[in-house]
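Asks: here's a sequence, model it:
(one chain, ligands or ions: 2)
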Amino acid sequence: MLTETAPAKINLALHVRARRPDGYHDLETLFVFARDGDRVSLADAEASTFAMTGRFADVVGPDADNLVVRAAAAFRAAFGIARHHAITLDKHLPVASGIGGGSADAAATLRALARRHDVAVDDPRLVALAAGLGADVPACLLGRAAFGSGRGDALAPIAGLGDMPVLLVNPLVPVSTAAVFAGWDGVDRGAITGGDDTLARGIAGRNDLQPAAERVAPQVAQVLAILREQAGVVLARMSGSGATCFALFRHAADRDAAAAAVAARQPDWWQLASMIA
Ligand SMILES: C[C@](O)(CO)[C@H](O)COP(=O)(O)OP(=O)(O)OC[C@H]1O[C@@H](n2ccc(N)nc2=O)[C@H](O)[C@@H]1O
Ligand SMILES: Nc1ncnc2c1ncn2[C@@H]1O[C@H](COP(=O)(O)OP(=O)(O)OP(=O)(O)O)[C@@H](O)[C@H]1O
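Replies: Ligands and ions are numbered 1, 2, ... in the order given. Predicted coordinates:
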């Protein structure tokens, strides 16, 4: 059995630049990844099967639409694989939440299948498959800090944050990525600037989708207000199209104190205390 982690994706900054004729938007983003997330396991089998475990297993729609199933089918077709696999998704990340859950799962599935069938993880055919599954999937396949442009799928590696404590908080209101992009006001507020210091670039940046996300999920403002008043916060911002927000800390003790404070005030919100590599 092979197991791959599907780590939560975080957009340190997300600048939306223009609407495109194909229904997508040109954007610039700084992708980083937490150490924790979902898990995809794969074993050879007589027939193709798919099962889900974990807290959010019941929230995802029908199996045929699952990005894990779609990723496996696309891989088998592209590489001419006749062998079947039993795949299990252990679902811990909230669904439709801006931290790329489905994209991370698809990428972990591609990584597991690539390992099993001796395909290099940077094989251009694998990267093309990933882009076809979603704008975020190539970044999740790369799985390391990167500058993303175009739809978010033109990637250039950047320096990581070097083990920085992070707290992710979601008010458990699902937010549709398409609806949030549709609510963007169309104003280009400028490129992501700065040099080699990824954290400084992130801090100087913005998430241009936040106002539109707040119209769908007003709780985002509340999450950010609570995170920003915690001791030791270096940066608190919404990730992706929301509603998950992240807070970065220098010290794990500050992160853990913030997690306890959030849990005391909002016991029903989802949280993940992790590290950014
Ligand atoms: C907001 C981000 O999470 C930032 O990392 C991503 O850009 C979204 O990536 P994703 O969830 O993989 O997106 P997809 O599943 O490809 O697209 C969902 C929908 O979001 C909108 N979308 C997505 C990416 C993009 N650059 N422009 C868009 O307008 C489109 O309406 C699209 O139909
Ligand atoms: N394995 C999966 N996990 C979560 N959602 C999935 C999965 N497969 C398909 N989906 C569908 O994809 C949609 C988006 O879910 P996902 O959790 O990937 O969004 P997200 O966190 O907003 O991602 P992003 O940050 O890439 O926009 C949901 O409506 C969900 O039904």
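Asks: which SS state does the residue nearest to residue 195 when sequence neighbours are not counted fall under?
Replies: Setting aside the residues directly before and after it, residue 195 is nearest to residue 201 in space (CB to CB, 6 or more residues apart in numbering), at 7.6 Å. Every C-beta, even on glycine, is put in place using the N, C-alpha and C of the backbone. Here residue 201 takes the helix state, with states given by DSSP: H, G, I helix; E, B strand; the rest coil.
Asks: any idea how far ligand 2 is from residue 201?
Replies: In this view, residue 201 and ligand 2 are 20 Å apart by CB to the nearest ligand atom, to the nearest Å.
Asks: which single residue of the stretch 151-277 of the chain ends up nearest ligand 1?
Replies: For the stretch 151-277 of the chain, the residue closest to ligand 1 is residue 240, as judged by CB to the nearest ligand atom, at 3.3 Å.
Asks: counting neighbours, what do you get for the closest residue to ligand 2 within the stretch 51-200 of the chain?
Replies: Nearest to ligand 2 in the stretch 51-200 of the chain, going by CB to the nearest ligand atom, is residue 102, at a distance of 2.7 Å. Residue 102 has 28 neighbours, counted by other CB atoms under 10 Å.
Asks: and residue 104, what helix or strand is that in?
Replies: helix 101-116 (DSSP states H and E).
Asks: after that helix, which helix or strand is next?
Replies: helix 124-133.
Asks: any chance you could list what contacts that following helix?
Replies: The contact list for helix 124-133, computed with CB atoms under 8 Å, 6 or more residues apart in numbering, reads 67, 70-71, 74-75, 78-79, 103, 106-107, 110, 114, 119-120, 137-138, 140-141, 153.
Asks: quick one: contacts of the helix or strand just after that helix?
Replies: Moving toward the C-terminus from helix 124-133, the next helix or strand (DSSP H and E) is helix 137-142. For helix 137-142, the surrounding residues in contact (CB under 8 Å, 6+ apart) are 6-7, 9, 31, 33, 67, 71, 100, 103-104, 106-108, 110-111, 121, 126-127, 130-131, 146, 148, 152-153, 155, 157.
Asks: just stretch 144-154 next, same as before
Replies: With contact meaning CB under 8 Å, 6+ apart, stretch 144-154 is reached by 20, 24-33, 130-131, 135-139, 155-161, 192, 198, 277.
Asks: residues contacting the residue of the stretch 51-200 of the chain closest to ligand 2?
Replies: Residue 102 touches 60, 66, 67, 95, 134, counting by CB under 8 Å, 6+ apart.
Asks: ok, and the closest non-adjacent residue to residue 240?
Replies: Distances taken as CB to CB, 6+ apart place residue 98 nearest to residue 240, at 3.3 Å, with adjacent residues excluded.
Asks: quick one: contacts for the one you found?
Replies: With the criterion set at CB under 8 Å, 6+ apart, residue 98 makes contact with 11, 175, 177, 213, 238, 239, 240, 241, 242, 243, 244.
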